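J.: Here is a sequence with its predicted model. Questions after.
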Amino acid sequence: MTTTTLAVLVPLLPFLGAAVGLLLGRTAPGFVRPLAVLPTAVALVLAVLVATRQGGDETVDAVTELTPTGSVPIELALHIDGFAALVAVLVGCVATCVQIYSTGYLRDDPRYSSYAALVSLFTSAMFLVVYSGDLMVLLVGWEIMGICSYFLVGHYWETPEARAASLKAFLVTKLGDVPFLIGLLALATEAGSFRITEILGAVASGSLDHPTLIALLLLAGVAGKSAQFPLHTWLPDAMAGPTPVSALIHAATMVAAGVYFVARLLPLFEASRAAMIVLAVMAAVTMVGSALAALAQDDIKRVLAYSTIGQLGYMTGALAAGDRGAAVFHLISHGAFKALLFLAAGVIIHAAGTNSLAAMSRMRGLRDRVPDAYWTMTVALLALAAIPPFSGFFSKESVLVAAEHVATGHTEHAPGAAGWTVLVAGLVTALLTAAYATRLWLLAFRGRGAEAPDHGRQPLAMNAVLWVLALPSLALGGLAFRLLPDWFDGQDLTPTLTTSVLGTGVALVGGIVTYAAWRHTAAFADRPPLGAVAAHPEGDAARVEAEAIASHEPAYGDIAYAPDPSDPGRLLLGPLHRHAAVGFHLDAVYTALFVRPVQAGASLVRFLDREVVDTYVRGAGALPRWLGTAVRRAQTGNVQTYVSALLAGTVVLAVAAVLVATGA
């Protein structure tokens, strides 16, 4: 097969698997798991073959006109360079791991067939985004991922949290997609094509009249899809969905799509200094704010969600420094260890038997109960904290190096202000990242909360996937920064001494200070079992519930939980903790600025419709009805009445005639 044929099959196979899975899910349940795993696994193999043949050298381009438009053509085009080839391998690897993992995690779920089909469709859509050479076709995959995320986040639709989270994710991302679509149309109009190669040619020739406006419109969609400030608030709430879905969205699809899109069209953004500065500020605020929020979260999945937002901020920061190689390098590295973090968290949640016990303050004795998750999550957290020689160190250092080069004037791809903004924010975030990674590890595996029920050893499929993902989390960085430059336009990804010392130094400080704070707070929490009220005899359930309500914590069975007094996050953040725990009240701000005015406007429209418009409509119908009633009463069917009325009318006419004649 040709490389083009293989590339076409990569998104097609998961799509066919999704379609057949939806059709046979109820009639032939035995085929659901093979249809979920095999097409995605074969697509991964084909993506590896495409990457091998592409080799980081010649770009693979193929095009056929999709439909005649008479103006700007829409074409079914492939554009596969080194970036696309490697990102497709990442997507296939993570999606295959998620599908295999889900066979164990959701083995008793009655809606597994629809879930697996939607995951396959999600994967197919991301492949389409990665390989597409036409922006309008890319938009199709972009929007399919949006609707898939709506259904997958709301998988547990019986719970109000899942319903609200799915709706919020859909609406917030659509809020960014509206200006994104306008930007695409404006870009195609000025460039004369939706083809990526022709658009980049138009940018190089300087034929775009409004690059700043177009870039800012496109950034709105990127902020929504990749959960960047100020459209990031949907991602932490999306944790209401199944944990494997979180791994897929956070590691290789959807949120990665925005970063990948900017990397594809980076020359367009570089054509506008204002757009690059906006991108840098957006990245800096996202990095620091999300890291502070992660340090205050109690739910393990929300910690990882805010962590994803911050790591995506690193990627957009690299793009703001004009280095798409560093951005995609961190995208690939982050995809491996973040997928591992979420799937390991899923093992912890699965061991507890319920998603409600994901709060770290309630964890105890997990190190011995889930050893696979313990060791692999430790590797992933070290990669997240950018501790050498784990993969996150090399990819994060490439971002800091790119920012340093811009800040010190070694490159002119971006304004110096953008470089300094990203560099300072990146170092602060490295400190905070190590802090919340250390806190997560301490509370999850050395916590002093009430021990959750032991539901036995986890399925082999779940534990095996953890070790598969642990390998790239451990070894990818050291190999990649030597091998990837050939795939990334020859850009050097080697760490420098300055950024390595600064980045690793602040990370170590963050981890050590957090550990010291944990030891300090643990000294005041020496009552067994910490964080729990002892079980009460039968009949005291009301008292347990009352104690739980009084402490603002839920009660599970006959145990009332309280916050873990050894949580170092409270000590480190001080009075900032309560603000960071709720995402610095951004949801409340948006509710006050947008939700309530829209609701008030809707109430006003409803009032006008019911009390004004409907009144006119009812009035227009009432007059003929009254006339009809009057006429109906005159039609009695009594001949004497009719004759009397006729005579009366004759008399009236006669009198009138006499009066007229007399007057004449």
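T.: Structure received.
J.: next one: phi and psi at the closest residue to residue 237 other than its chain neighbours?
T.: Of all residues not flanking residue 237 in the chain, residue 165 sits nearest, at 4.2 Å (Cβ to Cβ, 6 or more residues apart in numbering). C-beta coordinates here come from the backbone N, C-alpha and C atoms, glycine included. The phi and psi values for residue 165, taken as degrees, to the nearest 10, are phi -70, psi -40.
J.: How confident was the prediction at residue 165?
T.: Looking at residue 165, its pLDDT is 94.
J.: Tell me who's in contact with residue 409.
T.: Shown in contact with residue 409 (Cβ atoms under 8 Å, 6 or more residues apart in numbering): residue 416.
J.: Low-confidence regions, the stretch 401-550 of the chain specifically.
T.: 448-456, 478, 480-481, 490, 523-550 (pLDDT under 70).
J.: Tell me which stretches of it form strands.
T.: Here the stretch 401-550 of the chain has its strands, by DSSP state E, counting those that start in this stretch, at 532-533.
J.: Next, the buried residues of stretch 167-176.
T.: By neighbour count with 16 or more other Cβ atoms under 10 Å, stretch 167-176 contains the buried residues 168-170, 172-173, 175-176.
J.: which residues sit against it?
T.: Residues outside stretch 167-176 that contact it (Cβ under 8 Å, 6+ apart) are 146-147, 149-150, 153-154, 220-225, 231, 233-235, 237-238.
J.: Can I get the buried part of the residues you listed as one ChimeraX selection?
T.: Of those, the buried ones go into a single ChimeraX selection, burial set by 16+ other Cβ under 10 Å:
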select :146,149,150,153,154,220,221,222,223,224,225,231,233,234,235,237,238
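J.: Inside helices: which ones of the contacts of stretch 167-176?
T.: Within the contacts of stretch 167-176, residues falling in helices by DSSP state H are 146-147, 149-150, 153, 220-225, 234-235, 237.
J.: so which of these comes closest to residue 295?
T.: Lowest distance from residue 295 to the ones in helices among the contacts of stretch 167-176 (Cβ to Cβ) belongs to residue 235, with 16.6 Å.
J.: dump the residue contacts of that closest one.
T.: Neighbouring residues of residue 235 by Cβ under 8 Å, 6+ apart: 169, 227, 250, 255, 305, 308-309.
J.: which one of those residues is nearest residue 376?
T.: Distances from residue 376 to these, taken by Cβ to Cβ, are shortest for residue 250, at 16.5 Å.
J.: nearest spatial neighbour of the closest one, skipping sequence neighbours?
T.: Spatial nearest neighbour of residue 250, excluding adjacent residues (Cβ to Cβ, 6+ apart): residue 308 at 4.4 Å.
J.: now the helices for the stretch 1-150 of the chain?
T.: Here the stretch 1-150 of the chain has its helices, by DSSP state H, counting those that start in this stretch, at 3-24, 32-54, 82-105, 112-131, 135-153.
J.: By mean pLDDT, which helix or strand of the chain comes out lowest?
T.: When each helix and strand of the chain is scored by mean pLDDT, DSSP states H and E, strand 555-556 comes last, with a mean of 32.
J.: Could you look up the SS state of residue 636?
T.: On the three-state scheme (DSSP: H, G, I helix; E, B strand; the rest coil), residue 636 is labelled coil.
J.: where's it relative to residue 630, distance?
T.: Going from residue 636 to residue 630 by Cβ to Cβ, to the nearest Å gives 13 Å.
J.: Tell me the gap between stretch 280-298 and the middle of its chain.
T.: When distances are taken as Cα atoms, centre = their mean, to the nearest Å, stretch 280-298 is centred 15 Å away from the chain's centroid.
J.: Now that stretch: buried residues?
T.: Buried, per 16+ other Cβ under 10 Å, within stretch 280-298: 280-298.
J.: Report the contact partners of the closest residue to residue 159 other than its chain neighbours.
T.: Excluding the flanking residues, the one nearest residue 159 by Cβ to Cβ, 6+ apart is residue 240, at 6.9 Å. By Cβ under 8 Å, 6+ apart, residue 240 lies in contact with 153-154, 156, 159, 161-162, 164-166.
J.: and the residues you listed, which are buried?
T.: Buried among these by 16+ other Cβ under 10 Å: 153-154, 156, 162, 165-166.
J.: for those residues, which one is nearest residue 335?
T.: Taking Cβ to Cβ as the measure, residue 335 lies nearest residue 153 of those, at 19.3 Å.
J.: can you pull the contacts of the closest one?
T.: Listed by Cβ under 8 Å, 6+ apart, the contact partners of residue 153 are 162, 165-166, 169, 238, 240-241, 245.
J.: Specify which member of those residues is nearest to residue 39.
T.: Closest approach to residue 39 among those (Cβ to Cβ): residue 245, at 18.1 Å.
J.: Report the separation between the closest one and residue 109.
T.: Plainly put, residue 245 is 12 Å away from residue 109 if you go by Cβ to Cβ.
J.: More neighbours: which of those two?
T.: Applying other Cβ atoms under 10 Å to residue 245 and residue 109 shows that residue 245 carries more neighbours, namely 28 against 15.
J.: Wait, the more buried one touches residue 152, no?
T.: Yes - the pair residue 245 / residue 152 is scored as a contact, 4.5 Å apart, by Cβ atoms under 8 Å.
J.: Need the overlap of contacts for these two.
T.: Taking Cβ under 8 Å, 6+ apart as the criterion, residue 245 and residue 152 both touch residue 119.
J.: any low-confidence regions in the stretch 1-150 of the chain?
T.: The stretch 1-150 of the chain contains residues with pLDDT under 70 at 67, 69-70.
J.: one more time with 90
T.: Applying pLDDT under 90 to the stretch 1-150 of the chain picks out residues 1-3, 22-32, 53-60, 63-76, 82, 107-110.
J.: could I get the buried ones among the contacts of residue 240 as CSV with distance to residue 377?
T.: Shown next, in CSV, are those (distance: Cβ to Cβ, whole Å):
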residue, distance to residue 377
153, 23
154, 27
156, 24
162, 25
165, 24
166, 27
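J.: Considering those residues, which is situated nearest to residue 99?
T.: The closest of the buried ones among the contacts of residue 240 to residue 99 turns out to be residue 153 (Cβ to Cβ; 17.6 Å).
J.: how far away is that closest one from residue 577?
T.: Here residue 153 is placed at a distance of 27 Å from residue 577 (Cβ to Cβ).
J.: now residue 293
T.: 10 Å.
J.: Also residue 164?
T.: Distance, residue 164 to residue 577, using Cβ to Cβ: 25 Å.
J.: Counting neighbours, what do you get for the residue lying closest to residue 419 once chain neighbours are set aside?
T.: Spatial nearest neighbour of residue 419, excluding adjacent residues (Cβ to Cβ, 6+ apart): residue 406 at 2.9 Å. If you count neighbours by other Cβ under 10 Å, residue 406 ends up with 28.
J.: Residue 406 touches residue 321, doesn't it?
T.: Yes - assessed by Cβ under 8 Å, residue 406 is found in contact with residue 321 at 4.5 Å.
J.: quick one: common contacting residues for those two?
T.: Both residue 406 and residue 321 are contacted by 413-414, 418-419, 422, under the criterion Cβ under 8 Å, 6+ apart.
J.: does residue 264 really touch residue 80, like I thought?
T.: No - with contact defined as Cβ under 8 Å, residue 264 does not reach residue 80; the gap is 11.4 Å.
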